[in-house]
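**Q** Fold the following and give me the result.
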Amino acid sequence: MLQERLADVAAQLQRSEAALARAQTTLDEQRARLRRTRARLAEARALLGRVLRGRFEMEQPDVVDVVLDAEDFGDLVARMEFLRRVAERDAEILKVVRNARDDARRRTAGLRPLVRKRTAATVAARRQRDAVARMEAAVRRRQALLQRARAARLAA
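**A** Below you'll find the model as predicted:
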């Protein structure tokens, strides 16, 4: 009876340790993704910083300057197209930074339940391991008691 219970608890311990290993693997994968996302965010922020610094250091023409400085209609169209492309590029950079930032926040938030799950699995595995150890100790004590009783009976 005790041996069966010990076997059941040992099997549950193996399942808990397997769940713990899976939780740890998932957590490690999510942490790696978060590191890559944060690196992407840092790159996007650095690019945004360079663009903003360049804009600050260079004189940026406004629409009035473009119109007044154009030599002819073709030049005006080319300059306006250039300003449009610059604005689109700036908007794209901002979009990349926002997306990377939001992705990093989501991944960080997603790690919290994984950490809790891993912690719960660790606690469960530890408790089961302790229960198995106590049961094994009880079995050894019972076996020793039986051996002493047999030895005493044989000696008598």
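**Q** list the buried ones in the lowest-mean-pLDDT helix or strand in the chain?
**A** Here the helix or strand of the chain ranked lowest by mean pLDDT, DSSP states H and E is helix 63-69, holding a mean of 77. By neighbour count on 16 or more other Cβ atoms under 10 Å, the buried set for helix 63-69 is V66. All C-beta atoms are positioned from the backbone trio N, CA, C, and that covers glycine.
**Q** Okay, now the unreliable bits of the chain?
**A** 1-2 (pLDDT under 70).
**Q** which residues in it form helices?
**A** 2-57, 63-69, 73-155 (DSSP state H).
**Q** Could you pull up the residues touching the nearest residue to A23 once chain neighbours are set aside?
**A** Nearest residue to A23, sequence neighbours excluded (Cβ to Cβ, 6 or more residues apart in numbering): R118, at 4.2 Å. By Cβ atoms under 8 Å, 6 or more residues apart in numbering, the residues touching R118 are L20, A23, Q24, L27.
**Q** State the distance from the closest residue to the third one other than its chain neighbours to D72.
**A** For Q24, the nearest residue in space outside its immediate sequence neighbours is R118; the separation is 5.8 Å by Cβ to Cβ, 6+ apart. Counting by Cβ to Cβ, to the nearest Å, the gap between R118 and D72 amounts to 68 Å.
**Q** Also L41?
**A** 44 Å.
**Q** burial measure for the closest residue to T108 other than its chain neighbours, as a count.
**A** What sits nearest to T108 in space, not counting adjacent residues and going by Cβ to Cβ, 6+ apart, is L34, at 6.3 Å. Using other Cβ atoms under 10 Å, L34 has 17 neighbouring residues.
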